[in-house]
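*Asks:* dropping the sequence and predicted coords here.
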There are 6 protein chains.
Amino acid sequence: MMNRRYAYENSFEVKEKIDEVKIAILPIGAVEAHGPHLPLATDNILAERLSERLAEKVGAFVLPTLPYGQVWSLRDFPGSITVSNESLIRFLVDIGSSLYNQGFRIWAMVNAHLGNQTALKEAARILYDRHPDFKIFYFFYPGMNTVAKGIRETEAVHSTYFHACELETSIMLYLAEEFTDMEKAIRDIPQIPEAADYTPTPWQEFTKTAVLGDATLATKEKGEVIVETALERMADILRRAKDELV
Amino acid sequence: MMNRRYAYENSFEVKEKIDEVKIAILPIGAVEAHGPHLPLATDNILAERLSERLAEKVGAFVLPTLPYGQVWSLRDFPGSITVSNESLIRFLVDIGSSLYNQGFRIWAMVNAHLGNQTALKEAARILYDRHPDFKIFYFFYPGMNTVAKGIRETEAVHSTYFHACELETSIMLYLAEEFTDMEKAIRDIPQIPEAADYTPTPWQEFTKTAVLGDATLATKEKGEVIVETALERMADILRRAKDELV
Amino acid sequence: MMNRRYAYENSFEVKEKIDEVKIAILPIGAVEAHGPHLPLATDNILAERLSERLAEKVGAFVLPTLPYGQVWSLRDFPGSITVSNESLIRFLVDIGSSLYNQGFRIWAMVNAHLGNQTALKEAARILYDRHPDFKIFYFFYPGMNTVAKGIRETEAVHSTYFHACELETSIMLYLAEEFTDMEKAIRDIPQIPEAADYTPTPWQEFTKTAVLGDATLATKEKGEVIVETALERMADILRRAKDELV
Amino acid sequence: MMNRRYAYENSFEVKEKIDEVKIAILPIGAVEAHGPHLPLATDNILAERLSERLAEKVGAFVLPTLPYGQVWSLRDFPGSITVSNESLIRFLVDIGSSLYNQGFRIWAMVNAHLGNQTALKEAARILYDRHPDFKIFYFFYPGMNTVAKGIRETEAVHSTYFHACELETSIMLYLAEEFTDMEKAIRDIPQIPEAADYTPTPWQEFTKTAVLGDATLATKEKGEVIVETALERMADILRRAKDELV
Amino acid sequence: MMNRRYAYENSFEVKEKIDEVKIAILPIGAVEAHGPHLPLATDNILAERLSERLAEKVGAFVLPTLPYGQVWSLRDFPGSITVSNESLIRFLVDIGSSLYNQGFRIWAMVNAHLGNQTALKEAARILYDRHPDFKIFYFFYPGMNTVAKGIRETEAVHSTYFHACELETSIMLYLAEEFTDMEKAIRDIPQIPEAADYTPTPWQEFTKTAVLGDATLATKEKGEVIVETALERMADILRRAKDELV
Amino acid sequence: MMNRRYAYENSFEVKEKIDEVKIAILPIGAVEAHGPHLPLATDNILAERLSERLAEKVGAFVLPTLPYGQVWSLRDFPGSITVSNESLIRFLVDIGSSLYNQGFRIWAMVNAHLGNQTALKEAARILYDRHPDFKIFYFFYPGMNTVAKGIRETEAVHSTYFHACELETSIMLYLAEEFTDMEKAIRDIPQIPEAADYTPTPWQEFTKTAVLGDATLATKEKGEVIVETALERMADILRRAKDELV
């Protein structure tokens, strides 16, 4: 199977390869506070490595990472950079239309930052109306919820968020150990008020560290389960989509 | 002098460093056809390497590269991906406001793709009204026009465009030789109709290769003159801007 | 406690009452296919009745119901009417700013249609920046997930969707029995493909009826548990928000 | 003739009925100050009752009332809620496109709030270009001006506005007496400066009550003439439009 | 009194004059079909001449004419050029903000094309919120309706429209006889369907000539009454507005 | 050859003439400070006279001048009026679509204000996608750079700007001597900082007069060379475009 980094192709040879692989994968993350032990680029690094692994599995082009995302909840933490949903949607719709015009018929956005998911879904729906024969995916760790239960040694602090914690740090250990400083890892279990699900709630209201749980419990093995599950599910979905093209 | 890749900092330590360096540098390029000898990512690679060199000179943070740009003229060439001016402007304005909120007071966009220049300038003007004490720069090889005359062995095919040619290939040889395949370099001198400056003109109307000149004449030395000139001018301007902050 | 329908007040007396109750509740639903046994207005009826009950509990004004929502997934089913996220966001932001200008300091959107949740959250965030002292809530059956497990006789067909099924029909039986025709209730358990969470998927791809489960198992008692739980949680949150105003 | 409230239909049966009646009627009003004797919801109540009567006459579906409108002139009066023209236009265009997709070919907006008329007309024109075979009407008491002259005991305070006055109160007495409190009705005849037609003029500049005339002179009989005239004209126009469909 | 054409001033002297006259007058018309005897520029010519006369009366600067307007109804007639309400609103808001920044405190848009009136009013309202101490007027022949009754020899074909007819041609004869070709003037009395007030209705549905009445009855004297009435009213309003500035 | 002022045609005769000439010319300038010796309307006067001369050469309609443009750099100078790029783009796109609908197939915007060039180019590109068979030009003194070198007695103060200087004043002397007051002409040679090309720089940062050079050296003869060169080039391009239509 081919695994090609799209941007390192040249324009004399790329057309034919697009027609062959048909799938473009866009890693998308964010620049966002991730506690003392993980870099601001954590979500970008994860999106990129996941994308490369996924591309190996299905034969696909990996596009350059879009490293800026919607970081409303943590925008006031040191280092975070945020773009609005509206700006992100427009930007992605343009990229998507371009990919379609270049001959791609499947586009997988591999997202490692939950805050982007709304914009990705909206962009996909806009493109759905514009190019009905263009299959677009917005992945965020499929299968995560199911496998997480068997892995966690601590309870989740929230039903959908996980951040710089036992889980995400494990994923980093598995995919990008060199950027993970376990000596600085901390345990910080916030009380997230119930209202946070129903009213705009910047995270400084309940955490000073941006670590939502116990990062010291992270292990490479936990990360492996999450990542391999997610990869297998994404690969399955993309393979099926590709089969349906023919 | 400090040269820091911003996204690899962590949020516990970054605030203080921002207050010290005060300058953020954004590399911005495009995914665009660059002939047979240069990759689609050429402008991204150049923007990134220029930014790193510039950051060394002035002490600054280098932000993650924004790898998608406005590629109207070459959008129909194999491999190109384009975003509209409007989308790019909004995206950059959001990033800029975030940087300001994080404490940066100088923002240099180091652009290696001429097609972005309109959007960068507009974004900077919008931010100028919003944050009057935020100095924003949109650089595209300052000094290039002056030094190019002494370097070129062939005449320019256009007064402002240069693309995948003697000059840009030289810059690649100097900054990123490993991505430059001189064995595939070609000479293709198009006749650009005068009207192209005054009417929408996709480049396929005058070139099949996207090479605007003689890439075979490129040398590392020519690239050095252009790059070092540009770096010195950018560094001068940023140093002066930083002095004015105090 | 006061329970007032806002729109039946007159402008000579309303100002003083606003200053007293401080809370405005907006019922919001949709016009959407709900199978053979429930009307298109199901979500509007539910939002309205929930709002009235909530207003009784906390002393609040109930605003006129906004009866049109974002119905992308079911837009092609007979009877459905949809508005885009973008249109809905703008409309709600305008209403919210008006409420703020009228003296309200707490605004609860009581939503009975999951598809609206994205727009409600975005509108609330936009208003958060505009009026920092305005507390805005976007409720969608808080506590539902927790209590549903103890109630269901059938398994959920999806982790977040429930529609015209055992649960929603139970809620209708409890709140609006007169609009529920149990003789027409059906059982229809679709196979929702995993990809539906990651790609635009109109519901006609997996259901002909728009009933996601077994509506024949609905009972008033099941509805009571869900509704009373949700009401208690919403009331708690609003009471706390009101206490914080003083 | 059928008179159906659209939202109480179910999706299994509605399609066929749409194909039969072909006409959708949208009541649209506003939440707006109407003096001491009329509720904030006056325009919504009127739009709704007019729509129901009109639907009886022509056989049509009545959609759920859109209860929020453009209330610029009275936005600062206690109780008023306003949405901008731009937001209202987008919202209506979305509803209209949905109705068209559902099979309606005639859409009558029955408007009881003059301030909405600009947005309704603009929305209709946008839809005119998008769906050339979709007939859209924006009614605001047709025939009113003609019959008003024979009814009034007081002179009009303005050539186009009438508000909470002899006329509108009469209409309320005829259509919704239960919401009209004649004991609180007042006479307040403002001097509207000529410039009000040519410059932005919030009504507080010329009235404290929002009553533009003598509400004490209202009678059910006056209301009957206005309403029955308007209904007859609207019915005529819709019947003719329906005839032209075939 | 001063009557100055703004654009022929130079920037060294204009500031002081602005501070003195304080009033800017913008002539605005359209390029629109006006029958066989009047030019496409009719509304521009009228707006300009009215503005010059008005400026003489009140001492004001006349700005360059904005010659493009919203011509929806006649957009399909030969020669017409139309811009959308939305585009026109934005353009005018920008001009208005600039005038305010230059020191003007009164801005009168003298409009000779009814189709523009919606956009002018909306632009004025947007500026009203932005610059509360900026008085903006959107004039369209004030007093016309009152005096027209005494002048007309034929009945009006519509309650608000008049176009290329007895009245407008009379105005042209009075203000711009040199552009009026009475030998080509025609009489063409259309039947405007009642529905035209309530549904999008391009004028080709009821007229082939765009002349709404009997242009052959036009006289300079009729035009004089209309024009002098309108001028007197506009001048009164502007004088009062200027008095209120002090 | 025909040279017609479009707006003075009537709608009965214009259609046939459009089909014959096929070319519409739009003069576009700005209201902008031009020193003590030139009026605010300088760019409008120049655009208009150039357009008339060009129309004579190629047989074309001259549209009414659009007298408002993007004047960001000089917006704070006395007298300047500016509209944003975004507003200008939308306005031009609307005009362009109208011209296309009227039967024009070539549209030349003759621009005499450099600040407009960005908006003109963007508008042309938007229309290019909408109407592929519509040839649109945005001219700004073609050939200027080439001939200027042979004419200038002083060095240019900037590589692309020229303003109210030896050159522009010469053009005025040649095309509109009656609006040029050479007795007030001054010499003022600013030092434009290099950074001005790379950061938002209102011109008051380097000039008090808005004269960029030595206006006293202006002569009619210099203006003639620039103007006749530009006219010849524009005429050539338009003639070729017209030939290609057939």
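*Replies:* Noted; the coordinates are in hand. Numbers count the residues shown, from 1 in each chain, chains lettered A, B, ... in the order given.

*Asks:* longest helix of chain A?
*Replies:* helix A:220-245 (DSSP state H).

*Asks:* touching chain C at all, that helix?
*Replies:* Yes: Helix A:220-245 is in contact with chain C by C-beta under 8 Å from any C-beta of the partner chain, via A:Arg233, A:Asp236, A:Ile237, A:Arg240, A:Ala241. Every residue, glycine included, has its C-beta placed from N, CA and C.

*Asks:* show me the shaky parts of chain A.
*Replies:* Applying pLDDT under 70 to chain A flags residues A:1-3.

*Asks:* which bits of it sit near chain C?
*Replies:* Residues of chain A lying near chain C (C-beta under 8 Å from any C-beta): A:72, A:85-86, A:118, A:121-122, A:124-125, A:128, A:135-139, A:142, A:145, A:159, A:194-195, A:197-200, A:233, A:236-237, A:240-241.

*Asks:* from those residues, which ones fall inside helices?
*Replies:* Counting by DSSP H, the part of the residues of chain A next to chain C found in helices is A:85-86, A:118, A:121-122, A:124-125, A:128, A:145, A:233, A:236-237, A:240-241.

*Asks:* smallest gap between chain A and chain D, at which residue?
*Replies:* Residue nearest to chain D within chain A (C-beta to the nearest C-beta): A:Asp129, separated by 11.5 Å.

*Asks:* so who does that residue touch?
*Replies:* By C-beta atoms under 8 Å, 6 or more residues apart in numbering or on different chains, no residues touch A:Asp129.

*Asks:* repeat that with 10 Å
*Replies:* By C-beta atoms under 10 Å, 6 or more residues apart in numbering or on different chains, the contact list for A:Asp129 reads C:Trp72, C:Pro200.

*Asks:* list the contacts of A:Asn85.
*Replies:* A:69-70, A:72, A:115-116, A:118-120, A:122-123, C:85-86, C:89, C:118, C:121-122, C:125-126.

*Asks:* next: A:Glu48.
*Replies:* A:25, A:27-29, A:41, A:62, A:64-65, A:67, A:110, A:112, A:175-176.

*Asks:* tell me how many other residues crowd A:Ala241.
*Replies:* 20 (other C-beta atoms under 10 Å in any protein chain shown).

*Asks:* go on, A:Tyr161?
*Replies:* 17.

*Asks:* with the one 5 residues further on instead?
*Replies:* Residues within reach of A:Glu166, counting by other C-beta under 10 Å, total 25.

*Asks:* is A:Met109 in a helix, a strand, or coil?
*Replies:* Using DSSP: H, G, I helix; E, B strand; the rest coil, the structure places A:Met109 in strand.

*Asks:* and it, how far is that from A:Lys17?
*Replies:* In this view, A:Met109 and A:Lys17 are 20 Å apart by C-beta to C-beta, to the nearest Å.

*Asks:* what does A:Gln70 give?
*Replies:* 32 Å.

*Asks:* do A:Glu232 as well
*Replies:* Distance from A:Glu232 to A:Lys17, by C-beta to C-beta: 25 Å.

*Asks:* next: A:Gly150.
*Replies:* A:Gly150 is 40 Å from A:Lys17, by C-beta to C-beta.

*Asks:* between the two, which one's more packed in?
*Replies:* A:Lys17 (17 against 8).

*Asks:* what segments of chain A are strands?
*Replies:* A:3-5, A:23-28, A:60-62, A:106-111, A:135-139, A:187-188, A:213-214 (DSSP state E).

*Asks:* same list, those, but as TSV with distance to D:Lys184 and mean neighbour count please.
*Replies:* Shown next, in TSV, are the strands of chain A (distance: least, C-beta to C-beta, whole Å; neighbours: other C-beta atoms under 10 Å in any protein chain shown):
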stretch	distance to D:Lys184	mean neighbour count
strand A:3-5	75	17
strand A:23-28	60	27
strand A:60-62	71	26
strand A:106-111	59	28
strand A:135-139	57	27
strand A:187-188	60	16
strand A:213-214	61	24
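
*Asks:* my guess is A:Thr118 meets A:Arg125, correct?
*Replies:* No: between A:Thr118 and A:Arg125 there is no contact under C-beta atoms under 10 Å: 11.1 Å.

*Asks:* which residues do the two both contact?
*Replies:* A:Ile89, A:Tyr138, C:Asn85.

*Asks:* run a quick neighbour tally on the first one.
*Replies:* It refers to A:Ile89. 25.

*Asks:* contact partners for it?
*Replies:* A:Ile89 makes contact with A:70, A:83, A:118-126, B:87, B:90, C:85-86, according to C-beta under 10 Å, 6+ apart.

*Asks:* again, only this time at 7 Å
*Replies:* By C-beta atoms under 7 Å, 6 or more residues apart in numbering or on different chains, the contact set of A:Ile89 is A:Ala119, A:Glu122, A:Ala123.

*Asks:* out of these, who's the most crowded?
*Replies:* Neighbour max across those (other C-beta under 10 Å) = A:Ala119, 27 neighbours.

*Asks:* roughly how far apart are that one and B:Asn85?
*Replies:* 20 Å.

*Asks:* what's across from A:Ile25 in the sheet?
*Replies:* Taking DSSP bridges as the rule, A:Ile25 bridges to A:Val62, A:Ala108.

*Asks:* what sits against it?
*Replies:* Contacts of A:Ile25 (C-beta under 7 Å, 6+ apart): A:Ser51, A:Leu54, A:Ala55, A:Ala60, A:Phe61, A:Val62, A:Leu63, A:Ala108, A:Val110.

*Asks:* which non-adjacent residue is nearest the first one?
*Replies:* It stands for A:Ser51. In space, and not counting its chain neighbours, A:Ser51 is closest to A:Pro27: 4.1 Å by C-beta to C-beta, 6 or more residues apart in numbering or on different chains.

*Asks:* quick one: contacts for the closest residue to A:Lys121 other than its chain neighbours?
*Replies:* Of all residues not flanking A:Lys121 in the chain, A:Tyr138 sits nearest, at 5.6 Å (C-beta to C-beta, 6+ apart). Neighbour list for A:Tyr138: A:Met109, A:Asn111, A:Gln117, A:Leu120, A:Lys121, A:Ala124, C:Tyr198 [criterion: C-beta under 7 Å, 6+ apart].

*Asks:* which one of those sits closest to A:Phe12?
*Replies:* Nearest to A:Phe12 among these, counting by C-beta to C-beta, is A:Met109 at 27.7 Å.

*Asks:* pretty sure the closest one sits against A:Leu26.
*Replies:* Yes: A:Met109 is in contact with A:Leu26 according to C-beta atoms under 7 Å; the separation is 4.8 Å.

*Asks:* the nearest residue to A:Phe134 once chain neighbours are set aside - how many residues pack around it?
*Replies:* Leaving aside its sequence neighbours, A:Phe134 sits nearest to A:Tyr100 (C-beta to C-beta, 6+ apart; 4.9 Å). A:Tyr100 has 18 neighbouring residues, counting by other C-beta under 10 Å.
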